[in-house]
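Peer 1: I would like to see how this sequence folds:
(chains A, B and C)
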Amino acid sequence: MKKRVKINNRLTGGWAVLFYILTAVIFLLMFLPMWNVLVVSTSTALDSSQSGIKLWWNSFSLEGFKYVFEVTKMAVPFLNSLFVTTLGTVIQVILASLAGYVLIQRDLPFRGILSSFIMITMMIPGDLTLISVYQLNKQLNLLNSYQGLILNGLISGFSILMMRNYFETVPYSLAESARMDGAGELKIFLRVYLPVSLPGMATIFFMEYVARWNSIMLPATLITDESKYTLPLMLKQMILSVDSTSGTMAVPDNAIMAAIVVSTVPLLLIYIFAQRFLLEGIQMGAVKE
Amino acid sequence: MKRKQMMKVISTVLSATVALSLAGCGGGETEQKADGGSQENSGTVKIMASVTGGKDDEEMKLFEDALSEAVGLDVEIEKPASDYDQVLMQKLSGGEKYDLIYVSASQYKSLIEQDALMDITDRVKESEILSNNIDAQEWEDITIDGKVFAGFNKKEVHRVVALNNTLLKKAGIDYKSIEPTMDGYYEVFKKLKESNPDPDFYPFDTVLSETWDLQPWFAAAGLKEGVVTDENGEKYAPFAEDEAAVVWEWFKKLYDEGLMDPAAFVDKTKDMRDKMGASSQKTAVTADWVAWVGLHNSNAEAAGIPAEEYEIVSLPGLQTPDGDYMLGKGSASLFAVPANAENPDGAIKVLEYFATQEGGNLLSAGMEGHDYTGEEGSYELTETGKQHGQDHGAPFPIYKDYEPLFPYARGVEEALSYGEYATINEIIPNETDYKEIVGKWGIKIIKGEVSTSEGLEGMRQELVERGVTDR
Amino acid sequence: MNGKLWQKVKRYRQIYILMIPVLIYFLVFSYYPLILGIVKSFQEVKLLGGSQFVGLANYMEIFQDSQYSQAFVNSLIVGCGTFVLQFVWGLLIAVLLNEIRTKVLKSFFQTVTYIPYLLSWSVVGGLWITILSPTGMVNGFLELLQGMDYSPIVFMSEESFARMIMIFTGAWKGAGYFAALFMAAIVGIDGSLYESARMDGATRIQQIFRITLPMIKPTMKVVTVLSVMGVLRNFDQIFVMMNAAISDKVKNLLVLIYEEGIIQFNVGTATAAATIVLIATLIITTIVKKLLRYEDIYD
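Peer 2: All right, here's what the predicted structure looks like:
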């Protein structure tokens, strides 16, 4: 631990005041929604339908959570989401690291073409090619299947480019010297690059996890079988408005908010986990040379 | 490639033969349960539905079984979780075949323009049930160029003026004696506002951002909501005509004097209903579906609030210059038969069943033994049935003499009684554009950003530009 | 062919193998649907088959429709505005985070700022609409400042506020996400750099400007390029928060395509517009990459 130098590593004077104010403002601004959602989710159905923002309880009640599990039967979609998201994201991180590693090879022929090939996939307005995506999945027999949910969106250009970015911070000479020693590419990748890039991988893992967990258009395209629903599908169905027809039954607000709370908890847990990993600062980006 | 094609041909022929032979040995035995293979049934009907059916996986199976048994066919219902419009489009263009698809009136029109629906006019005429059990007016409403392409999911009810009777009483007003004119309601709003100490209380609320039902108010000028075709065959929007100015100015007066909720510019219907609900009571007069009059009351009841402390009642709105009323009726929600349906006859059977007392029971109350139990005359809703709110696709079934199994919620009977004044709007494919344009200019007029005549001019112009109207 | 090149390719064959699964995936799941879509954009698509090639008719329809050009402008303004604000905000959070010394506080603060990103737009949009409503918090605050005769502003119906609101809420939702990306880079900075700066007597604020910010410049560039690719792809936010009063100012390309294409089953028009979005994104990204000299670092 470097307790040695204590001078000058803190903000002082006016800067410190500004720091506190800014931190407080941003904190309040961003804390609000979470709090409101939490309060509404633990209110009674009638209270939760009151107009306006609710920052404190009139009456505390867990009936919203009860509704979510008993009436809308959230457990199955929850487990489905957990399964396909976890498996899909793990595969994603592995493949993205491999591809990211390829892209940092300095004089690899066709490197530019490869990166453009990946970059373009990030610009395709995904929601609008869904008709074709549906046809593809029908041809591959992936409709209403876990395989379909995992395969679609298995790799994103984003994670590849981010992995490449993290690998870039590793001095090239390290790999070169390993290569001199006759190590194979896979070995160099595993021994030299991976350990150094763990914080990066954790970040990518989490971000892709969130994206996949919340993804709605793809599952909506692929899944009509209720036993394979994912959480966002169910959430959307709950929020779905009944404006356009003379339909009746609406899900109470406290149940909707409870469903949101339940669906956010796994992300929070993973985030807190990934964050510990990040902030306890395995300061590996900076390599001892 | 060749081999693959051969295989395709062979398998098509094979499956066709199997299907035919199955259909052959099917026939009259409608009593059989549709369990597993169900060779007894005379074919399959594939339905793509949005709201119709069970509320979850298990219940959907029960629903399919009940329907299969009733019509003597294997009924399969597919129900996308969300984004129904988009999924429907993907499935149809992806080559999926259905015998019935759930569509809104606006989509119905778009699909007909694409030749995607099957003309079932003759089948409907031949069917006694379809012709006799459903009002002729209903069929007329969905007849396009003399042809019919769909049957009904449910009876569309209308929207009424909903009023908070408790607050009215507090202001010393008997709702039955409200004078149905702009001035009459203006006085009511004023009294309501004066008798309510809450600064955030606005007696009148609506949803202008979506041009939510304004029909009961524009009745004062005798104008019809939506798009209307004139004698020259040209489409126009009555609310954008100069005759509409008086009503827009009335809204402006309400806004200027703090009688109309300014949030009406931005709120969604959900917000409006929340404000009308027992827990908020931030407004007292809105236009809403018949069903919501009942829902507000039954929600309050469920929370233990007695009728003396919260009651919603209904009225038919303002009187037209001829002394009549005008209310908006929900545009049809339909089950259309796609042009490539494999079993249109089966589809007709399902539509027929929906138009009977038993079919109506299934679509509203739900499955006997699951949603409700007991003997005829003394049925009782189960816990599940209560949660499902007697809505399995059609809270009000299409059968014209339908007798509900359970009494309607408080206030619904009264609201239903105004049905005679209600008419549907002309079906147009770009309804969203209409709502957006009328709402936008309407808000400008009410806020006073443009003069009424300028605003109406702008409204008309943009409606024409976007292809909603012709003049 | 060039023998030397071939030699190189051969030398790297192990490397290429690592890439194969990714290439196959993209070919099947990204490029194939894309090409199918582009083909459709030249057709008048009938849902149940019988589509006909109509050449550029779908494209012409879009170019002649002033709604699309307005939507393009809206997409650009709101998209770029959101990006800039989100970037600054995210950076600010990351820097502030780095100054918090208590581990628990730090973790808590980061989690809180990240949560908006975890929630969907239907939640966040609805929330801000309520906050900005006539009886909402913002008006309540202004009333406190101005006293009794204050008349509430219906923010969401004012054209002059519309884009600002979209930019603000968009940045609000995404700032924590950018902050996380920046944080990952900041924790990677070599601690000895700070130490030697301290030896030279640099104050903390000088260290932030001289070390922290310059050191994460590569990450900033990556973040910029990645976000630029998404600038035209914002659908959910506008779809949830738009209303008739402000639609002229905020309705963007994707929402318009949804309304004109999906709702009315115009597959041809929708795919043509989508193709235009793709091409426009390509052009914008190329320009931004050139401006940032992005290629210098990576390609």
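Peer 1: which stretch of helix or strand covers B:Val160?
Peer 2: For B:Val160, the element it lies in under DSSP states H and E is strand B:159-164.
Peer 1: what mean pLDDT does that strand have?
Peer 2: When pLDDT is averaged over strand B:159-164, the result is 95.
Peer 1: Identify all contacting residues around the worst-scoring helix or strand of chain A on mean pLDDT.
Peer 2: Sorting the helices and strands of chain A by mean pLDDT, DSSP states H and E puts helix A:45-48 at the bottom, at a mean of 75. For helix A:45-48, the external contacting residues (Cβ atoms under 8 Å, 6 or more residues apart in numbering or on different chains) are A:40-41, A:54, A:57-59, A:63-64, A:252-255, A:257, B:277-279, B:299-300, B:303. Heads up, the C-betas are built off the backbone N, CA and C, glycines and all.
Peer 1: so where is chain A shaky, pLDDT-wise?
Peer 2: A:1-9, A:49-53, A:127-128, A:239-250, A:276-289 (pLDDT under 70).
Peer 1: Where do the strands of it begin and end?
Peer 2: For chain A, applying DSSP state E gives no strands.
Peer 1: How about the stretch 251-400 of chain B?
Peer 2: B:285-289, B:312-315, B:327-328, B:333-336, B:372-373, B:380-381 (DSSP state E, counting those that start in this stretch).
Peer 1: Mind putting those into JSON lines with distance to A:Met238?
Peer 2: JSON lines is the format used below for these (distance: least, Cβ to Cβ, whole Å):
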{"stretch": "strand B:285-289", "distance to A:Met238": "20"}
{"stretch": "strand B:312-315", "distance to A:Met238": "25"}
{"stretch": "strand B:327-328", "distance to A:Met238": "28"}
{"stretch": "strand B:333-336", "distance to A:Met238": "20"}
{"stretch": "strand B:372-373", "distance to A:Met238": "24"}
{"stretch": "strand B:380-381", "distance to A:Met238": "22"}
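Peer 1: would you turn those strands into JSON lines with mean neighbour count and distance to B:Ile101?
Peer 2: As requested, the strands of the stretch 251-400 of chain B are exported to JSON lines (neighbours: other Cβ atoms under 10 Å in any protein chain shown; distance: least, Cβ to Cβ, whole Å):
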{"stretch": "strand B:285-289", "mean neighbour count": "26", "distance to B:Ile101": "24"}
{"stretch": "strand B:312-315", "mean neighbour count": "23", "distance to B:Ile101": "34"}
{"stretch": "strand B:327-328", "mean neighbour count": "26", "distance to B:Ile101": "25"}
{"stretch": "strand B:333-336", "mean neighbour count": "25", "distance to B:Ile101": "6"}
{"stretch": "strand B:372-373", "mean neighbour count": "17", "distance to B:Ile101": "29"}
{"stretch": "strand B:380-381", "mean neighbour count": "16", "distance to B:Ile101": "31"}
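Peer 1: Among those strands, which comes closest to chain C?
Peer 2: Smallest distance to chain C across these (Cβ to the nearest Cβ): 11.9 Å, for strand B:333-336.
Peer 1: Any residue of that closest one touching chain C?
Peer 2: No - under the criterion of Cβ under 8 Å from any Cβ of the partner chain, strand B:333-336 makes no contact with chain C; the nearest approach is 11.9 Å.
Peer 1: Does anything pack onto that strand? Which helices or strands?
Peer 2: On a contact count with 3 or more Cβ pairs under 8 Å, 6 or more residues apart in numbering or on different chains; DSSP states H and E, strand B:333-336 meets strand B:100-104, helix B:105-113, strand B:150-152, helix B:344-354.
Peer 1: distance between the ends of stretch B:78-95?
Peer 2: 15 Å (Cα to Cα, to the nearest Å).
Peer 1: buried set for it?
Peer 2: Residues B:78-94 are the ones in stretch B:78-95 that count as buried (16 or more other Cβ atoms under 10 Å in any protein chain shown).
Peer 1: Point out where the stretch 1-150 of chain B drops to low pLDDT.
Peer 2: B:1-42.
Peer 1: Might one say that C:Leu226 is in contact with A:Met122?
Peer 2: Yes - if you go by Cβ atoms under 8 Å, C:Leu226 and A:Met122 touch, sitting 7.4 Å apart.
Peer 1: shared neighbours of these two, anything?
Peer 2: Jointly contacting C:Leu226 and A:Met122 under the rule Cβ under 8 Å, 6+ apart are A:158, A:161.
Peer 1: Could you check how far C:Ala48 is from B:Ala116?
Peer 2: That one is not Ala; residue C:48 is Leu. 5 Å (Cβ to Cβ, to the nearest Å).
Peer 1: what residues are shared contacts of the two?
Peer 2: Here C:Leu48 and B:Ala116 share the contacting residues B:92, B:338-339, scored by Cβ under 8 Å, 6+ apart.
Peer 1: When C:Leu48 and B:Ala116 are compared, which one has more neighbours?
Peer 2: Legend: neighbour count by other Cβ atoms under 10 Å in any protein chain shown for C:Leu48 and B:Ala116, higher for B:Ala116 (24 against 17).
Peer 1: residues contacting that one?
Peer 2: B:Ala116 touches B:92, B:338-339, C:46-48, C:265, counting by Cβ under 8 Å, 6+ apart.
Peer 1: Give me the secondary structure label for the residue in the stretch 101-250 of chain B positioned nearest to chain C.
Peer 2: Relative to chain C, the nearest point of the stretch 101-250 of chain B is B:Ser209 (3.5 Å; Cβ to the nearest Cβ). Recorded secondary structure, B:Ser209: helix (DSSP: H, G, I helix; E, B strand; the rest coil).
Peer 1: Excluding chain neighbours, what is closest to residue 148?
Peer 2: Using chain A. A:Leu142 (3.3 Å; Cβ to Cβ, 6 or more residues apart in numbering or on different chains).
Peer 1: Oops, wrong one, chain B.
Peer 2: Nearest non-adjacent residue to B:Val148, counting by Cβ to Cβ, 6+ apart: B:Thr121, 4.7 Å away.
Peer 1: Could you do B:Leu259 as well?
Peer 2: Closest to B:Leu259 by Cβ to Cβ, 6+ apart is B:Phe189, at 4.2 Å.
Peer 1: what's the burial count for that neighbour?
Peer 2: 22.
Peer 1: cool, A:Thr72 as well?
Peer 2: The criterion is other Cβ under 10 Å. On that basis, A:Thr72 has 20 neighbouring residues.
Peer 1: Quick check on it: phi, psi?
Peer 2: For A:Thr72, the backbone dihedrals are phi -90, psi 0 (criterion: degrees, to the nearest 10).
Peer 1: quick one: it and chain B, what's the gap?
Peer 2: According to Cβ to the nearest Cβ, to the nearest Å, A:Thr72 and chain B sit 8 Å apart.
Peer 1: so that residue touches A:Leu233, yeah?
Peer 2: No - judged on Cβ under 8 Å, A:Thr72 makes no contact with A:Leu233 at a distance of 11.5 Å.
Peer 1: Could you give the number of residues near the residue of chain C found nearest chain A?
Peer 2: Sorted by distance to chain A under Cβ to the nearest Cβ, the residues of chain C start with C:Gly188, at 2.4 Å. C:Gly188 has 24 neighbours, counted by other Cβ under 10 Å.
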